[in-house]
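J.: predicted coordinates and the sequence they were generated for:
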Protein chains: 2
Amino acid sequence: MTQERLESQVRFILEVDKLKEVFRQTLCTQSRRAENDAEHSWHLCLAVLVLAEHADEPRLDVLRVLKMLILHDLVEIDAGDTFAYDTARMADQHEREAKAADRIFGLLPGDQALEFRALWDEFEERKTPEAKFAAAIDRFQPVLLNTSTEGSAWNRHGVTAERVRARNGHIAEGSAALWEKTAAMIQDSVDAGHLAPGPAKP
Amino acid sequence: MTQERLESQVRFILEVDKLKEVFRQTLCTQSRRAENDAEHSWHLCLAVLVLAEHADEPRLDVLRVLKMLILHDLVEIDAGDTFAYDTARMADQHEREAKAADRIFGLLPGDQALEFRALWDEFEERKTPEAKFAAAIDRFQPVLLNTSTEGSAWNRHGVTAERVRARNGHIAEGSAALWEKTAAMIQDSVDAGHLAPGPAKP
């Protein structure tokens, strides 16, 4: 019984090694290659340790925030990464990802499958203080990387400052201080000529 | 005051983006490219969420385990990765890494620099139940990846099963169950012809 439980846990850990091959639009600041979901997830966890004090919720459960961020992108093993400004692919994003969640979390023992699925659902629903802060960090980090790589992903896809502000505005639901910093980074990118200010392309 | 604090925190988060360019000897199971420290650190966090129940310590502080693993390899930004079987480079490993810890954690506001350094010291000393379990996971994951890639890093460096057992034996200090599983994986690799059983090369 315990033996079979451990075996299925180890198979799950091996399966999610695939997250290292799911590439995002954001670039790493040093090599300028595309960032993958696994290293992105680590970077978010690191950012939580550093920035948790800026959450608006004074009694934030940091462990639950970390759990959500460690797990939040596993669905992309099956569903692929959906660029934050790709409205066409975003239309059926949740449906594709929910199907992936069924398969991937379903590899675990029943109690853990339920626990992990509940954490992913909580993250997606963005209602609790922990989910709001996790989502804020998940948006803050790509803006930071884009700002630090001359707006690379934004420019490649013709995204404007107006859309970047609209897409990332919910950072303010988790942290007023981080939203203020994000808005300043967006403006810095506009001022540096790395991000077009105008309305979205027709 | 708060503004300068946030600015130094953001600079730290950008600086540690470099961890994504520190490559290890272990291969990813899918593409068979070298794993980097950032995705390795994420994979360890994921493994903690799945395997924490196998820790010998019944009241494990999972948040502290995760904090240690999120931070444990940051020193390699300056000190580079030291292969677990490279005895020559291991001789001055701690000295190189302690110097790196001074610089890297020193980028943070003073209270956080102290907190992160204490977590890294705790991990290195491997005395608390949390540090023992974190170290167990940090050894378990490479054995799992090597076992799943036909002993790739072991073979490339002429490492034998005898040395793999000796190097990873401290997994038993954190979890008897994980050490039993590790020993079985090592034996499976020997049986499959992916790991030489004999003594280390002269």
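T.: Noted; the coordinates are in hand. Residues are numbered from 1 along each chain as shown, chains lettered A, B, ... in the order given.
J.: give me the most central residue, chain A.
T.: By Cα atoms, centre = their mean, chain A has its centre lying nearest to A:Asp138, at 3.8 Å.
J.: next up, the contacts around that one.
T.: A:Leu44, A:Leu69, A:His72 (Cβ atoms under 8 Å, 6 or more residues apart in numbering or on different chains). C-beta here means a position set from N, CA and C on the backbone, and glycine is covered the same way.
J.: save these as JSON lines, and put in neighbour count too.
T.: Below are the contacts of A:Asp138 laid out as JSON lines (neighbours: other Cβ atoms under 10 Å in any protein chain shown):
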{"residue": "A:Leu44", "neighbour count": "25"}
{"residue": "A:Leu69", "neighbour count": "28"}
{"residue": "A:His72", "neighbour count": "21"}
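J.: closest one to A:Val164 out of the residues you listed, please.
T.: Checking the contacts of A:Asp138 against A:Val164 with Cβ to Cβ, the nearest one is A:Leu44 at 18.5 Å.
J.: tell me if I am right that the closest one is in a strand.
T.: No. Counting by DSSP: H, G, I helix; E, B strand; the rest coil, A:Leu44 is not found in a strand; it is helix.
J.: shaky segments in chain A?
T.: Applying pLDDT under 70 to chain A flags residues A:1, A:199-202.
J.: change it to 50
T.: For chain A, the stretches with pLDDT under 50 are A:200.
J.: counting neighbours, what do you get for A:Asp73?
T.: A:Asp73 has 25 neighbours, counted by other Cβ atoms under 10 Å in any protein chain shown.
J.: and what of the one 5 residues further on?
T.: Residues contacting A:Asp78 under the criterion other Cβ under 10 Å number 16.
J.: okay, whichever strand or helix holds it in CSV with CA atoms only?
T.: Assigned by DSSP states H and E, A:Asp78 belongs to helix A:76-79. This file holds the C-alpha atoms of helix A:76-79, laid out as CSV (Å, rounded to 0.1, in the frame of the first residue of the first chain):
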residue,chain,number,x,y,z
GLU,A,76,0.8,23.7,-19.4
ILE,A,77,2.6,20.4,-19.8
ASP,A,78,-0.5,19.3,-21.8
ALA,A,79,-2.1,22.7,-22.6
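J.: helices and strands around that helix, which ones?
T.: Applying 3 or more Cβ pairs under 8 Å, 6 or more residues apart in numbering or on different chains; DSSP states H and E, one finds that helix A:76-79 contacts helix A:93-105.
J.: in the helix it packs on, what's buried?
T.: The neighbour-count check on helix A:93-105 (16 or more other Cβ atoms under 10 Å in any protein chain shown) flags A:Arg96, A:Glu97, A:Ala100, A:Ala101, A:Ile104, A:Phe105 as buried.
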